[in-house]
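Q: Sharing a model prediction with you, sequence too.
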Amino acid sequence: MHRRWITLAILFAARAATGFQFQSVGSVADQLMRDLGLSYAQIGALLGAYLLPGIVVAFPAGLLGARLREQSLGLFGLVLMVISGLALANADSFAAALAARTVGGVGATLVVLAATKLTTDWFEGREIALAMSILQMSWPFGAMLALPIQAAIAQGFGWPAEMVCGALCAFVALVAFALLPGPNAHGDPQPAAGAELGRPILVPVIVAGIVWGLMNLACVLFFSHAPALMALRGFSPTAAASLTSLSIWLTILAIPAGGFLVHRLGRPIAAIAVCAPLAAAALSSFVLDLDPTLACLIFGVAVGPLSGAILSLPAAILRPQDRSAGFGVFYTCFYFLMAVGPAFAGRLQDALASPSAALVVAAFSLVAIVPLSLGFAILSKPGRHAARRSAPGGEGDATVEAVVRT
């Protein structure tokens, strides 16, 4: 087995640990409310505290990663996740739980950033779209795996034991992360300095980050609000939850399958231009109550190929010395949209008094990423020339051209 696939497996496990720990609060929300006297709003704050630090931390962490090995950055992030889990297990108030949760969110941001950068290094000029798809699948895999495991632990041993379980998963990932081989796929030393995100690179990276944020926002809004709309239309709570869960599993399966197809075809922007409108049409059909079951299934399949296609875009124009800072900008845009998007959709939903409002926002988000992706292709031309000059042996030329061509 090639070392890059072993590396990807370790990065997959580390990123899955962030999804596992994110779910730890949601899995025991009722117990936390009972034992710590929390409200629903405070539970929501604990959930959001795991994502909000990314807005502040992602870019500085990217700059730091340009001067340190990403492996060190990831290790530090996993240490913070271990500390967070142990602190949550001993929390006796909302303030203590919020502080512990924020520490875990900072750690998770560092892990996600380091994993994305390292995957780009190892798979540049190779199966970049497929590798990014597999990496992206790790977070929902960890969250879905957490649902039955954490529920069983909490029921048998209490919620503090469930928090310790999250810390243990992060520790296991930490040990594996420490054994990662070499700095990158080509064996070249990581530049210690020289990261400079000029306008030809910075602007398309921001556009790619917005595209990534809008795609994930659409998924979060659908998975969060579709069950409520189905219940309003006569579905039983069990049927609504089961159909939404089936859509999530189809998405998880479609992510690597779509990444493989994007890799073989070499046309990620074309994949975005086809799959995003298809997913938006499925959401529109769902809102109009034409065929909710079929709409859920189509949505789950259509959004899968988008992950690898979108994540391969910044890799095409970022030089090796720019990648840490570039992905810091990329994820700052992502975390910002993930923070403000659900709030905006919720306000619109309250104003219109309909759960379908959030799904309309999701559909428009998917439609918007098509012109944005085409704009990326136009804006990234100067950056592609810079990446091409920095690519070793000319192999990067083919990668850069393949990733952005329509």
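A: Structure's in. What do you need?
Q: mean confidence score for stretch 26-35?
A: Averaged over stretch 26-35, pLDDT sits at 83.
Q: Return that stretch as CSV; C-alpha atoms alone will do.
A: Coordinates of each C-alpha in stretch 26-35 appear next as CSV, following Å, rounded to 0.1, in the frame of the first residue of the first chain:
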residue,chain,number,x,y,z
GLY,A,26,-26.2,16.5,21.2
SER,A,27,-26.2,12.9,22.2
VAL,A,28,-26.7,13.7,25.9
ALA,A,29,-28.6,17.0,25.7
ASP,A,30,-31.4,15.9,27.9
GLN,A,31,-29.0,14.7,30.6
LEU,A,32,-27.0,17.9,30.5
MET,A,33,-30.2,19.9,30.8
ARG,A,34,-31.2,17.9,33.8
ASP,A,35,-27.9,17.7,35.7
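Q: Which positions within that stretch qualify as buried?
A: Judged by neighbour count (16 or more other Cβ atoms under 10 Å), stretch 26-35 contains these buried residues: 27-29, 31-32. No exception for glycine: its C-beta is placed from N, CA and C like everyone else's.
Q: hey, where'd the helices end up in the stretch 301-406 of the chain?
A: For the stretch 301-406 of the chain, applying DSSP state H, counting those that start in this stretch gives helices covering 304-317, 323-352, 356-379, 381-390, 395-404.
Q: mean pLDDT for the ones you listed: which is lowest?
A: Note on those: lowest mean pLDDT is at helix 395-404, with a mean of 45.
Q: secondary structure element for the residue nearest to Thr18 when sequence neighbours are not counted?
A: Closest residue to Thr18 apart from its sequence neighbours, by Cβ to Cβ, 6 or more residues apart in numbering: Ala108 at 4.0 Å. Ala108 belongs to helix 94-123 when assigned by DSSP states H and E.
Q: Could you single out the most deeply buried of the helices of the stretch 301-406 of the chain?
A: With neighbours defined as mean count of other Cβ atoms under 10 Å, those peak in mean count at helix 304-317, which reaches a mean of 29.
Q: how near is the closest residue to Leu214 other than its chain neighbours to Ala228?
A: Residue nearest to Leu214 in three dimensions, not counting chain neighbours: Ser365, with 4.2 Å by Cβ to Cβ, 6+ apart. Separation of Ser365 from Ala228 (Cβ to Cβ, to the nearest Å): 18 Å.
Q: what's near enough to touch His362?
A: Careful, residue 362 is Ala and not His. For Ala362, the contact set (Cβ atoms under 8 Å, 6 or more residues apart in numbering) comprises 217-219, 221-222, 283, 345.
Q: same thing but at 7 Å, please
A: Ala362 makes contact with 218, 221-222, 283, according to Cβ atoms under 7 Å, 6 or more residues apart in numbering.
Q: can you check Gln23 too?
A: The contact partners of Gln23, by Cβ under 7 Å, 6+ apart, come to 143, 146-147, 150.
Q: Just these: which are in strands?
A: Mapping these onto strands (DSSP state E) picks out no residues; all lie outside.
Q: do you know how far the residue nearest the centre of the chain is from Gly304?
A: Taking Cα atoms, centre = their mean as the criterion, Gln136 is the residue nearest the geometric centre of the chain, at 6.0 Å. To Gly304, Gln136 is 10 Å away according to Cβ to Cβ.
Q: quick one: low-confidence ranges for the stretch 1-150 of the chain?
A: For the stretch 1-150 of the chain, the stretches flagged by pLDDT under 70 are 1, 65-68, 125.
Q: please redo it, this time with the cut-off set to 90
A: Within the stretch 1-150 of the chain, the stretches with pLDDT under 90 are 1-7, 19, 22-74, 92, 113-114, 116-150.
Q: Type out the PyMOL command that picks the buried ones from the contacts of Gln23.
A: Buried subset of these, written as a PyMOL selection, criterion 16+ other Cβ under 10 Å:
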select buried, resi 143+146+150
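Q: Same list (the contacts of Gln23) but as JSON lines, adding distance to Ile128.
A: Converted to JSON lines, those look like this (distance: Cβ to Cβ, whole Å):
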{"residue": "Ala143", "distance to Ile128": "25"}
{"residue": "Ala146", "distance to Ile128": "28"}
{"residue": "Leu147", "distance to Ile128": "31"}
{"residue": "Gln150", "distance to Ile128": "33"}
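Q: out of the contacts of Gln23, what pair is the most spread apart?
A: Largest separation among the contacts of Gln23 by Cβ to Cβ: Ala143 and Gln150, giving 10.0 Å.
Q: so where's the stretch 151-300 of the chain uncertain?
A: Scanning the stretch 151-300 of the chain for pLDDT under 90 picks out the ranges 151-156, 177-202, 216-217, 219-268, 286-287, 289-293, 295-296, 300.
Q: Quick one: the helices in it, in order.
A: Assigned helices in the stretch 151-300 of the chain, in chain order: 159-178, 199-232, 237-265, 268-287, 292-302 (criterion: DSSP H, counting those that start in this stretch).
Q: Redo the ones you listed as TSV? Include mean neighbour count and distance to Lys117.
A: Formatted as TSV, the helices of the stretch 151-300 of the chain follow (neighbours: other Cβ atoms under 10 Å; distance: least, Cβ to Cβ, whole Å):
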stretch	mean neighbour count	distance to Lys117
helix 159-178	21	13
helix 199-232	22	13
helix 237-265	18	18
helix 268-287	22	19
helix 292-302	21	28
